[in-house]
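Chemist: show me how the following folds:
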Amino acid sequence: MQAETYKLFVSGDGSGVGKTTCCIGLLDYIKKEWIGKHQSIDEVAYIKPATQCTDVQLLWKYCAKEDILFRGIGPIHFRTGFTQFCLRENEDPEELLMKISDAMEQMTDQIIAKRNSQEKCRILFIIDGIGYPAVGSICGINNGTVAKFLNAPVLLISKCCPFYSLGNTIDTFERNCIFLDHYIPVLGTIFNKYIPLENREDEKLDEHRVALAKDLKSDVKLYFEKRRKDKYLYGILDSTVPKQDSKIHVTPSFTNLTQTLQKDVCIPSYLARTEAVSKHPDMYSFTPQEEQFVNHFLNQFHSSIQIEQIILDVLQYYQK
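Modeler: Okay, the predicted model is just below:
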């Protein structure tokens, strides 16, 4: 069987901006709303080609639950001392990039083997970036370099300024977009973590900030209509945490979990459902709190983001 692969690289403003959470939203829509209804994509898979964190992520649990092939760690792991090693030992960036390509080929082979069909398989890879766009530059493998090597157009996850500054919100987007566009086209952006006024539980805002908060979404949209017609604004997401559960966070509380994962499946072998979930089934089950978080986010993501447009833009990119 032949495979035709499409790729979408999800980059963002930095750690915690919501890249991986938005990947859950993309995977969910593609798996449940696109595949089977459109002939353009037959399978969806997820990979985080480079990472610093080795803790279990909500996305791993989601993929295990929905039977989506994924690799959550590596093959590039920015462990302590890795950047010094790359610099001092003249580690070849091309070799590091090839490790990522090889990992994706392994995943492609696994998908083909599972389908057991002679028909062409069209696979969309959701590729999760690391940190802010320039992370990895010291090793020659920043987010832009990886996206260019994989020929994966970029979806940029941007962050709404927590104090509703329009200038800060847009300027931060531009800083990241201009950097990534130097390597490969940025299709557009999702602005994440807009905090509704009614959800604020910290200091009171003055009248000026309240006015900015009320106008921020419409002003961001106006900016793209007037100044950035070449980039698609796919939507703006509110903070994903329900007010009554403001302290919700993802915390897999497993004894020696990271050591177990590294030893068994994650480094250097690739983390895939058939390999890892069978060994650690309890680890891949949502807690009630996590399930509430994911459901709340997915409801908002499906209603607020033009996901179909994202998919169409990816497919159009590969038709050029």
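Chemist: which residue lies farthest from the center of this protein?
Modeler: Glu207 (35.5 Å; CA atoms, centre = their mean).
Chemist: state the mean pLDDT of stretch 195-205.
Modeler: The average of the pLDDT scores along stretch 195-205 is 73.
Chemist: report the buried residues of stretch 306-320.
Modeler: By neighbour count on 16 or more other CB atoms under 10 Å, the buried set for stretch 306-320 is Ile307, Ile310, Ile311, Asp313, Val314, Tyr317. Where you see a C-beta, it was placed from the backbone N, CA and C, and this is true even at glycine.
Chemist: now the strands: where do they sit in the stretch 51-200 of the chain?
Modeler: Shown for the stretch 51-200 of the chain, the strands assigned by DSSP state E, counting those that start in this stretch span residues 69-71, 76-77, 121-128, 154-159, 186-194.
Chemist: these: which one's closest to Ile24?
Modeler: For Ile24, the closest of the strands of the stretch 51-200 of the chain is strand 121-128, at 9.4 Å, according to CB to CB.
Chemist: pull the CA atoms of the biggest helix by length in the chain into PDB?
Modeler: The residue-count maximum for a helix in the chain (DSSP state H) belongs to helix 93-115. Below are the C-alpha coordinates for helix 93-115, written out as PDB (Å, rounded to 0.1, in the frame of the first residue of the first chain):
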ATOM      1  CA  PRO A  93      21.600  19.100  12.700                       C
ATOM      2  CA  GLU A  94      20.800  17.100   9.500                       C
ATOM      3  CA  GLU A  95      21.200  13.900  11.500                       C
ATOM      4  CA  LEU A  96      18.800  15.100  14.200                       C
ATOM      5  CA  LEU A  97      16.300  16.100  11.600                       C
ATOM      6  CA  MET A  98      16.600  12.700   9.900                       C
ATOM      7  CA  LYS A  99      15.700  11.100  13.300                       C
ATOM      8  CA  ILE A 100      12.400  12.900  13.200                       C
ATOM      9  CA  SER A 101      11.800  11.900   9.600                       C
ATOM     10  CA  ASP A 102      12.600   8.300  10.400                       C
ATOM     11  CA  ALA A 103      10.200   8.300  13.400                       C
ATOM     12  CA  MET A 104       7.400   9.500  11.100                       C
ATOM     13  CA  GLU A 105       8.200   6.900   8.600                       C
ATOM     14  CA  GLN A 106       8.000   4.300  11.300                       C
ATOM     15  CA  MET A 107       4.600   5.600  12.300                       C
ATOM     16  CA  THR A 108       3.400   5.600   8.700                       C
ATOM     17  CA  ASP A 109       4.500   2.000   8.300                       C
ATOM     18  CA  GLN A 110       2.500   1.100  11.500                       C
ATOM     19  CA  ILE A 111      -0.600   2.800  10.200                       C
ATOM     20  CA  ILE A 112      -0.300   1.000   6.900                       C
ATOM     21  CA  ALA A 113       0.200  -2.400   8.600                       C
ATOM     22  CA  LYS A 114      -2.900  -1.800  10.800                       C
ATOM     23  CA  ARG A 115      -5.100  -0.900   7.800                       C
END
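Chemist: which of the residues in it are buried?
Modeler: For helix 93-115, by 16+ other CB under 10 Å, it's Pro93, Leu96, Leu97, Lys99, Ile100, Ala103, Met104, Met107, Thr108, Gln110, Ile111, Ile112.
Chemist: so the last one sits against Cys121, correct?
Modeler: To tie it back to what came earlier, the one meant is Ile112. Yes - between Ile112 and Cys121 a contact is recorded at 5.8 Å, counting by CB atoms under 8 Å.
Chemist: and for the spatially closest residue to Ser165 that is not a sequence neighbour, the neighbour number?
Modeler: Spatial nearest neighbour of Ser165, chain neighbours left out: Leu212 (6.9 Å); criterion: CB to CB, 6 or more residues apart in numbering. For Leu212, the count of nearby residues is 18 (other CB atoms under 10 Å).
Chemist: kindly report the same for Gly36.
Modeler: Other residues close to Gly36 by other CB under 10 Å number 10.
Chemist: before we move on, what about the one 5 residues further on?
Modeler: The local packing count at Ile41 equals 21, with neighbours defined by other CB under 10 Å.
Chemist: so what's it up against?
Modeler: Counting by CB atoms under 8 Å, 6 or more residues apart in numbering, Ile41 makes contact with Tyr6, Ile30, Trp34, Ile35, Arg122, Ile123, Leu124, Ile311.
Chemist: if I look at the closest residue to the fourth one other than its chain neighbours, how far off is Thr80?
Modeler: It refers to Ile35. In space, and not counting its chain neighbours, Ile35 is closest to Ile41: 5.8 Å by CB to CB, 6+ apart. In this view, Ile41 and Thr80 are 39 Å apart by CB to CB, to the nearest Å.
Chemist: before we move on, back to that, rank the strands of the stretch 51-200 of the chain by pLDDT, which is bottom?
Modeler: strand 76-77 (a mean of 88).
Chemist: what lies in contact with it?
Modeler: Contact partners of strand 76-77, identified using CB under 8 Å, 6+ apart, comprise Pro49, Ala50, Thr51, Gln52, Thr54, Leu96, Lys99, Ile100, Gly136, Ile141, Ile267.
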